[in-house]
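# A predicted structure for the sequence below; I have some questions about it.
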Amino acid sequence: MSENTPILHLDYETKSAVDLTKCGAYRYAQSPTTDILCMAYAFGDNFVQLWTPDFPFPPEIIEHIKNGYPIYAHNAQFERLITQYITTPRYGCPPVALEQWYCTAAMAAAMALPRSLDGLGAALNLPIQKDMAGSRLMLKMSKPRAIDEDGVRWWDTLEITGKKQETKDKQVAKFNERLEGLYAYCINDVETERLAEKHLYPLSPEEREVYLLDQRINDRGISVDLKAVKAAIKIIEKASAKLEKQVARITGGAVTSLNQRDKIIEWCHSREVFLVSLDKQNVAEALARKDLPHDVRQVLYARQVGGKSSTAKLKKILEQADEHGRIHGNLLYHGATTGRFSGRGVQLQNLPRPELLEEPEDAIPYILRGDDEEIDLLFGPPFVVVADCIRSMVTAAEGKVLYAADFAQIEVRVLAWLAGQNDLLQSFKNEEDVYCSFGSKLYGYPINKKDHPKQRQICKGLILGACYGMGGAKFHATCEKQGLIIAMQEALDGINGYRRINTKITKFWANIEKAAIRAIRNPNSTVTLGYLKFKMRDGNLRMRLPSGRVLNYPEARVEQAATPWGQVKDAVVVSAQNALTRKWERVVLTPGTLVENATQAVARDVMVEAMFRADENGYLVLLTVHDELVSETNGGFGSVEDFEALVARPPSWAEGLPIKAEGWCSYRYKK
């Protein structure tokens, strides 16, 4: 795209009888009840114009699209889908190629700026901000006024009630006010997005291809076994009714639902069992008590097994699945500041791991029969069995199979490579059990998986957690959460041992902070640290990765900050969005954070190259789950070993990085 290529900015406001937040953008755009309220658009810096479906579709936009020119929108996937499913078939808009769409939200995310338009406007301190009052009006008008026997009634249709002219005039005035407010809001969104785009860096050609791949993956979607999903919901509902009836009998009617948190706590107090909450950890700790009264144990166990989120997850699948039994829009490009994808919609990234069943798909035929008592007899509590089987309800399409591969210990491998911890790299290259190899150095005697399970588990926790600077107290708490009981001194000794053995990684923590500080203080210089390069641009600290991709740290400064141990020293301070409050605020980048960012970003780039290779070789990528790649292809396509080798092939920029992928092939998704 040259500097003289005309750019179109546009934004839709829509209405529908389906809930966008529940069913997702794909189901929303495909619903016959969904329609366009208005569209604001502007070419370059020209005046923002408004189109409504009452008028012919703008010929200048038709010409722009036919010429293959770019279209910019904030969260462009939504505008793309509305164009594809509504504007093109209903209003004469030509089909728009995926490659014509550019997303300012994706550009913002790649710069570690807020993805939402209101958050982005505030972070950039734009003179034009998103109209939040208009947003509330839009949310009202996007939903039906009412659904009755005459059909759907909408807020953008004038309804006159009453006979007095004065009353009619007021209703007309209010109706016009609503429309004008909506149109002004839509125009304001285009103005805000257009102004924000001027402050954003365009995606590099390589990242532009990653964004387009993300969109193609979301369009493909992934199949689900809807029959099993519906049967599982019925089983849970039936089992819930039985369990709640039992709890009501035990508590004498004091508790009639497993969702009555306060009543359960109050009843437990009456039995002299004092709980402050019913979260997973508190309930598990209470059930571990030997002196727990039997009736309290029964109620808390019912809460434990019946309180699983399986029903909500299964209902979400039903809401988002299309007529072909596929759910779309499961990935979010650059969902994390490191560039990793995150989940959307059903959130397939956080499906429950099987707790009870070794082969969950064996229980699917019994779920389809719908006999909860048979399931309880053969497998265990229906709640647990259903939760274990949710992964297995994600499937390949008919006549196809899923191929998946997980990058084994990818972050540990990448960090050792970045830091030059060659002995650890050699252990990976020799395909040793690195946890045992490290344990042998830590404890001073040979460690193996069979004879020293506790020591190996401790070493695994150290290698996976201490690599980013975790201290002894946090490691001790982490072990306890995992049910691994060790003394505080043992935790401290383990951390100190990790740092003594992995001297290159320990030095890397300090050196990466020094490199970042030096780059901030010398804005015209490039500071190199091994495979990484740091440089300032427009007040932002930029970390160039081995792949050539860049991580951006907005408004970077060197300021005095206190360490957790009380020392005050120079630190890297940047602007970032608080994950909980969503506020744009100043945060300290600790050495551990910088190391973690670099490591996870490189691991992401390894994953992305594998995704392109898989697609090019006929394994169409449907999903990524953390460090796992899931694809779909025809049955009998190739061996699992072939797929593992394809995925684990090192990128050209990662010479010396030992990559290993562990894969499987199945009709149903598994772990």
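Nice, I can see it.
# roughly how far apart are the nearest residue in space to Thr624 that is not next to it in sequence and Arg604?
In space, and not counting its chain neighbours, Thr624 is closest to Phe341: 5.2 Å by Cβ to Cβ, 6 or more residues apart in numbering. For every residue, glycine as well, the C-beta is placed using N, CA and C. If you measure Phe341 against Arg604 using Cβ to Cβ, to the nearest Å, the figure is 8 Å.
# try Ser525
Relative to Arg604, Ser525 is positioned 27 Å away (Cβ to Cβ).
# Comparing these two, which residue is more hemmed in?
Using other Cβ atoms under 10 Å, the more surrounded residue of Ser525 and Arg604 is Arg604, with 24 against 12.
# Tell me, what's the model's pLDDT at that one?
pLDDT, Arg604: 97.
# Please name the residues that touch it.
By Cβ atoms under 8 Å, 6 or more residues apart in numbering, the contact list for Arg604 reads Thr338, Gly339, Arg340, Phe341.
# can you pick the most crowded of those residues?
Highest neighbour count within the contacts of Arg604, by other Cβ under 10 Å: Gly339, with 27 neighbours.
# Report the separation between the residue nearest to Leu331 when sequence neighbours are not counted and Met141.
Among residues not flanking Leu331 along the chain, Phe341 sits closest, at 4.8 Å (Cβ to Cβ, 6+ apart). Plainly put, Phe341 is 33 Å away from Met141 if you go by Cβ to Cβ.
# Repeat that for Ile71.
Taken as Cβ to Cβ, the span from Ile71 to Met141 is 24 Å.
# on that earlier part again, any chance of the contacts of Arg604 in TSV, plus pLDDT and secondary structure?
Formatted as TSV, these follow (pLDDT from 0 to 100; DSSP: H, G, I helix; E, B strand; the rest coil):
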residue	pLDDT	secondary structure
Thr338	96	coil
Gly339	95	coil
Arg340	95	coil
Phe341	96	coil
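# Out of those, which is nearest to Gly548?
Nearest to Gly548 among the contacts of Arg604 is Gly339, at 12.4 Å by Cβ to Cβ.
# The closest one touches Arg549, doesn't it?
Yes: counting by Cβ atoms under 8 Å, Gly339 touches Arg549, with 6.8 Å between them.
# Quick check: neighbours shared by the two?
Counting by Cβ under 8 Å, 6+ apart, the residues touching both Gly339 and Arg549 are Ala601, Asp605.
# Which elements pack onto the helix ranked longest in the chain?
Longest helix in the chain by number of residues (criterion: DSSP state H): helix 165-197. On a contact count with 3 or more Cβ pairs under 8 Å, 6 or more residues apart in numbering; DSSP states H and E, helix 165-197 meets strand 8-15, strand 35-43, strand 49-51, strand 71-73, helix 104-110, helix 117-123, helix 132-141.
# possible to save those as a markdown table with mean neighbour count?
Output for these, formatted as a markdown table (neighbours: other Cβ atoms under 10 Å):
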| stretch | mean neighbour count |
| --- | --- |
| strand 8-15 | 22 |
| strand 35-43 | 20 |
| strand 49-51 | 17 |
| strand 71-73 | 23 |
| helix 104-110 | 24 |
| helix 117-123 | 20 |
| helix 132-141 | 15 |
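# Of all the ones you listed, which one is nearest Leu81?
Nearest to Leu81 among the helices and strands packed on helix 165-197 is strand 8-15 (9.9 Å), distances taken as Cβ to Cβ.
# in its sheet, what does that closest one sit against?
Using DSSP bridges, strand 8-15 pairs in its sheet with strand 35-43 (antiparallel), strand 71-73 (parallel).
# Which one of those strands lies nearest to Gln129?
strand 35-43 (16.0 Å).
# report the angle between the axes of that closest one and helix 132-141?
Put simply, strand 35-43 runs at 150 degrees to helix 132-141, going by axes from the mean of the first three to the mean of the last three Cα atoms, to 10 degrees.
# outside of strand 35-43, which residues touch it?
Residues outside strand 35-43 that contact it (Cβ under 8 Å, 6+ apart): 6-16, 48-53, 58, 60-61, 64, 82, 86-87, 90-91, 141-142, 156, 182-183, 186-187, 189-191, 194.
# quick one, what contacts the residue nearest to Leu331?
When contacts are counted by Cβ under 8 Å, 6+ apart, Phe341 touches Asp214, Leu331, Leu332, Tyr333, His334, Gly335, Arg604, Thr624.
# Which of these fall in helices?
Using DSSP H, the contacts of Phe341 in helices are Asp214, Arg604.
# Columns distance to Tyr498 on top of the contacts of Phe341, output as a markdown table?
Listed next are those as a markdown table, based on distance: Cβ to Cβ, whole Å:
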| residue | distance to Tyr498 |
| --- | --- |
| Asp214 | 36 |
| Leu331 | 34 |
| Leu332 | 34 |
| Tyr333 | 35 |
| His334 | 32 |
| Gly335 | 30 |
| Arg604 | 25 |
| Thr624 | 30 |
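# Distance check, the nearest residue to His199 once chain neighbours are set aside against Leu113.
Leaving aside its chain neighbours, His199 sits nearest to Leu124 (5.1 Å; criterion: Cβ to Cβ, 6+ apart). Leu124 sits 7 Å away from Leu113, going by Cβ to Cβ.
# quick one, which of the two is more surrounded?
Using other Cβ under 10 Å as the criterion, Leu124 and Leu113 rank with Leu113 on top: 24 against 20.
# For the closest residue to Gln171 other than its chain neighbours, grab the count of nearby residues.
Setting aside the residues directly before and after it, Gln171 is nearest to Ile160 in space (Cβ to Cβ, 6+ apart), at 5.7 Å. A count of nearby residues for Ile160, using other Cβ under 10 Å, gives 10.
# show me the contacts for Ile160.
By Cβ under 8 Å, 6+ apart, the residues touching Ile160 are Lys168, Gln171, Val172.
# now swap in Asn350 and tell me
Taking Cβ under 8 Å, 6+ apart as the criterion, Asn350 is in contact with Gly343.
# From Gly483, how far off is it?
Distance of Asn350 to Gly483, computed by Cβ to Cβ: 21 Å.
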